[in-house]
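**Q** only geometry, no sequence info:
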């Protein structure tokens, strides 16, 4: 795909720059507007995203388009059962120059701004642990030496929901490190037609101009989001949602029978950050209950452990969260 890069006006406000970025992504990845918004929220919250979807739902295209339009480096890791931690983090290699022998660190694909971790559940535990250290600590340790990752860093990990043979499911303690988990569905009829037309244009060699925004715009947007007003009533609402997931019997016996383990404190932190980012993207400097409700499913989806009874009755996390939200009143 041919494209030409050009920088946007540096005087553009961070809000306008991010909205411009969103519009460009929606033009390149058709029928996935909600997923694109979640990717931007994760980027603005300095978090990492877990995407679950069938093959061919444009998971790779989303992050490739983001890297192009954000003027950021992209690293891709195709996870397989025989992958080693050094394949992800990098390793020390023997180097001989001017009569001197030394070991030089050669960075792996993690040392990029954006990292696509494709089919993360196919990697063995040691490789998953190496990736998750970088997500949490923003650093990599190799041979006792610590190497810092770029200031702008985000992992977008993918999972196939139906292919489970030869996989290593992420432990709950590790999957909790993802800010959100989103599900990527197939596009509708109209979007499917537009996708075919877009592919024909690209195959025909018709280049397009990509207006890139600097990483500094993202850092400036994060500063603005940190200043978004959160009232004590919204604080209470977030806490009530999290505590109800831990003690569901206070509202519903049915809910208590469906949840085995509730959300951790990471969930309340993530819900707070994502709600503020959502409000900012809507052009407001304060959080409303609707902002919390807009992101709560993606924040809690991977953090609730459902009971055997719920699984036996084909009740999934989304249904449980919808019930939880309907029961908890806005303070």
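**A** It's in. The model shown is predicted, which means the values in this text are computed figures rather than measured ones.
**Q** hey, let's count contacts and neighbours off CA atoms from now on
**A** Will do.
**Q** At the geometric centre of this protein, which residue sits there?
**A** residue 49 (1.6 Å; CA atoms, centre = their mean).
**Q** State whether that residue and residue 178 are indeed in contact, as I suppose.
**A** Yes: in this structure, residue 49 is within contact of residue 178 by CA atoms under 8 Å, at 5.6 Å.
**Q** any idea which residue of this structure is furthest from its center?
**A** residue 99 (46.6 Å).
**Q** what's the longest helix seen in the chain packed up against?
**A** Longest helix in the chain, counting residues (DSSP state H): helix 265-281. Here helix 265-281 is seen to pack against helix 33-44, helix 215-226, helix 232-246, helix 289-300 when contacts are counted using 3 or more CA pairs under 8 Å, 6 or more residues apart in numbering; DSSP states H and E.
**Q** What residues sit buried inside the longest one?
**A** By neighbour count on 16 or more other CA atoms under 10 Å, the buried set for helix 232-246 is 234, 237, 238, 239, 240, 241, 242, 243, 244, 245, 246.
**Q** Let me know whether the fourth one touches residue 267 as I believe.
**A** No: Residue 239 sits out of contact with residue 267 when judged by CA under 8 Å, with a separation of 9.8 Å.
**Q** can you tell which of the helices and strands packed on helix 265-281 is closest to residue 71?
**A** helix 215-226 (7.4 Å; CA to CA).
**Q** helices or strands next to that closest one in the packing?
**A** Partner elements for helix 215-226 (3+ CA pairs under 8 Å, 6+ apart): helix 14-28, helix 33-44, helix 265-281.
**Q** Pop the domain breakdown of the protein in here.
**A** 3-216, 227-327 (automatic domain parsing).
**Q** Now mean pLDDT too, for those, in TSV please.
**A** Shown next, in TSV, are the domains of the chain (pLDDT from 0 to 100):
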stretch	mean pLDDT
domain 3-216	83
domain 227-327	92
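**Q** returning to what we had before: so which of the helices and strands packed on helix 215-226 is the most packed in?
**A** Across the helices and strands packed on helix 215-226, averaging neighbours per residue (mean count of other CA atoms under 10 Å) puts helix 265-281 on top, at a mean of 23.
**Q** ok and that one relative to helix 289-300, angle-wise?
**A** 140 degrees (axes from the mean of the first three to the mean of the last three CA atoms, to 10 degrees).
**Q** Not counting its own residues, what contacts helix 265-281?
**A** Helix 265-281 is touched from outside by 15, 19, 41-42, 44-45, 176-177, 179-180, 225-226, 228-230, 235, 238-239, 242, 285-288, 291-292, 294-296, 299-300, 303, with contacts defined as CA atoms under 8 Å, 6 or more residues apart in numbering.
**Q** What is the burial count for residue 291?
**A** By the criterion of other CA atoms under 10 Å, residue 291 has 21 neighbours.
**Q** List the backbone torsions phi and psi for the residue farthest from the centre of the chain.
**A** Main-chain torsions, residue 99, degrees, to the nearest 10: phi 80, psi 10.
**Q** can you map out the helices along the stretch 1-150 of the chain?
**A** For the stretch 1-150 of the chain, applying DSSP state H, counting those that start in this stretch gives helices covering 14-28, 33-44, 59-70, 85-89, 125-137.
**Q** possible to save those as CSV with distance to residue 184?
**A** Listed next are those as CSV, based on distance: least, CA to CA, whole Å:
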stretch, distance to residue 184
helix 14-28, 14
helix 33-44, 7
helix 59-70, 8
helix 85-89, 25
helix 125-137, 22
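**Q** Was I right to think residue 83 contacts residue 127?
**A** Yes: between residue 83 and residue 127 there is a contact under CA under 8 Å: 7.0 Å.
**Q** Neighbour count: those two, which is higher?
**A** residue 127 (22 against 17).
**Q** which residues touch the closest residue to that one other than its chain neighbours?
**A** Counting by CA to CA, 6 or more residues apart in numbering, residue 127 lies nearest to residue 85, which is 4.6 Å off, once chain neighbours are set aside. The contact partners of residue 85, taken as CA under 8 Å, 6+ apart, are 126, 127, 130.
**Q** what's the closest of the residues you listed to residue 158?
**A** residue 127 (15.0 Å).
**Q** What's the separation between the closest one and residue 178?
**A** Remark: distance between residue 127 and residue 178 (CA to CA, to the nearest Å) = 16 Å.
**Q** likewise residue 107?
**A** In terms of CA to CA, residue 107 sits 23 Å off from residue 178.
**Q** So those two - more neighbours on which side?
**A** Neighbours were counted for residue 107 and for residue 178 using other CA under 10 Å; residue 178 has more, 24 against 19.
**Q** How about the secondary structure of that one?
**A** Here residue 178 is recorded as coil under DSSP: H, G, I helix; E, B strand; the rest coil.
**Q** any chance you could read off phi and psi for it?
**A** phi -80, psi 130.
**Q** wait, it sits on residue 48?
**A** Yes: Residue 178 is within contact range of residue 48, at 5.2 Å (criterion: CA under 8 Å).
**Q** I'd say residue 327 and residue 250 touch.
**A** No: assessed by CA under 8 Å, residue 327 is found out of contact with residue 250, at 10.1 Å.
**Q** who's more crowded, the two?
**A** Under the criterion of other CA under 10 Å, the comparison of residue 327 against residue 250 puts residue 327 first, with 15 against 12.
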